[in-house]
Each structure stands twice: as structure tokens, then as C-alpha cells.
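K.L.:
predicted structure and sequence below. I'll ask about it afterward.
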Amino acid sequence: MISGKFAITLHILTLLSKFPDEFLSSDFLAGSMNLHPVLIRKEIANLKKHHIVESKEGKNGGTKLLRPAENISLDDIFKLTFERVTLGYSKNDPNPDCPVGKNINKKLDELYIDINDKISKELRGISLTEFSNKF
């Protein structure tokens, strides 16, 4: 299902790309999004796991990009936040004797694969730098 994780992660990375040589605190990042710093730290942990950012603790600690923003595509970010987008399935098992019911989930899967391919293709062509330059 669609969630706000992509938007939160992209917001974090856009801020980090604006200050490439600085370690930004989770409080600073959270303040920009009006979110609790714990939620930001959770997303930062995922970014660290995927070697997108580095963090240091302490008074002058924070997070910064580990690789150049021009080498990070929005598709890279999308794939860190979702396995794939789905718009849902029927909660009940559809009637296998119905011509629609017996095929609906298969056809939804095909539709979602197509949607995900199109999303990835579009996002692959946009770097974090290009997105960040809009601000």
C-alpha cells in the first residue's frame, strides 16, 4: 500500500543534499517536516543500512549523505521505501466460479507490475540533485 515513507525519506535526503558537508541533527530534520525526531531516526536507520547516509553521535553529531546526490536517483529512494506499490486486493477470496472473481487478483497483479515499472522508469530519470534544485 501507499504510505508517506517515500515523502519522508525524500524530504530527509533533499535537506541533506542542501547541506552536503554538514551533519544535520534529527531534531533539525524533524523540524522541517513537523514530525517527531524518533520517526526521522527510524528512516535514517534504513538509509544507513543501504549505505546512503552516515551518522555520528554527540554534540556535533547528525547525518549527512555518504554518496553524492547526483548519484542517487529517485528510483533508488523509492526502492528503499517500497518493495512495490499496490492499491489493494479483495479481502475475501473471490468466487472461483465467477469469470471476474477467478481472475481479479491475477489481473490486479499484472496492473500493479505495470504501474511499478512506469513509476521506476520515471523516477530513474531524476537524480536527487535535480529534485533538490527545485528548492
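P.N.:
Good, I have the coordinates.
K.L.:
alpha carbons only for contacts and neighbour counts from here, please
P.N.:
Will do.
K.L.:
SS state for residue 54?
P.N.:
Of the three states, residue 54 takes strand under DSSP: H, G, I helix; E, B strand; the rest coil.
K.L.:
near it, how many other residues are there?
P.N.:
Burial of residue 54 is recorded as 17 neighbouring residues (other CA atoms under 10 Å).
K.L.:
residue 98 now?
P.N.:
Using other CA under 10 Å, residue 98 has 10 other residues around it.
K.L.:
export the longest helix along the chain as PDB, just CAs?
P.N.:
As assigned by DSSP state H, the longest helix anywhere in the chain is helix 104-124. Extracted in PDB, the C-alpha atoms of helix 104-124 (Å, rounded to 0.1, in the frame of the first residue of the first chain):
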ATOM      1  CA  ILE A 104      -9.400 -10.400 -10.500                       C
ATOM      2  CA  ASN A 105      -6.300 -10.800  -8.300                       C
ATOM      3  CA  LYS A 106      -4.200 -12.100 -11.200                       C
ATOM      4  CA  LYS A 107      -5.200  -9.100 -13.300                       C
ATOM      5  CA  LEU A 108      -4.600  -6.700 -10.400                       C
ATOM      6  CA  ASP A 109      -1.100  -8.200 -10.100                       C
ATOM      7  CA  GLU A 110      -0.400  -7.500 -13.700                       C
ATOM      8  CA  LEU A 111      -1.700  -4.000 -13.400                       C
ATOM      9  CA  TYR A 112       0.500  -3.300 -10.300                       C
ATOM     10  CA  ILE A 113       3.600  -4.700 -12.100                       C
ATOM     11  CA  ASP A 114       2.900  -2.300 -15.000                       C
ATOM     12  CA  ILE A 115       2.400   0.600 -12.600                       C
ATOM     13  CA  ASN A 116       5.600  -0.100 -10.700                       C
ATOM     14  CA  ASP A 117       7.600  -0.400 -14.000                       C
ATOM     15  CA  LYS A 118       6.200   3.000 -15.100                       C
ATOM     16  CA  ILE A 119       7.000   4.600 -11.700                       C
ATOM     17  CA  SER A 120      10.500   3.200 -11.700                       C
ATOM     18  CA  LYS A 121      11.200   4.300 -15.300                       C
ATOM     19  CA  GLU A 122      10.000   7.900 -14.400                       C
ATOM     20  CA  LEU A 123      11.900   8.100 -11.100                       C
ATOM     21  CA  ARG A 124      15.100   6.600 -12.600                       C
END
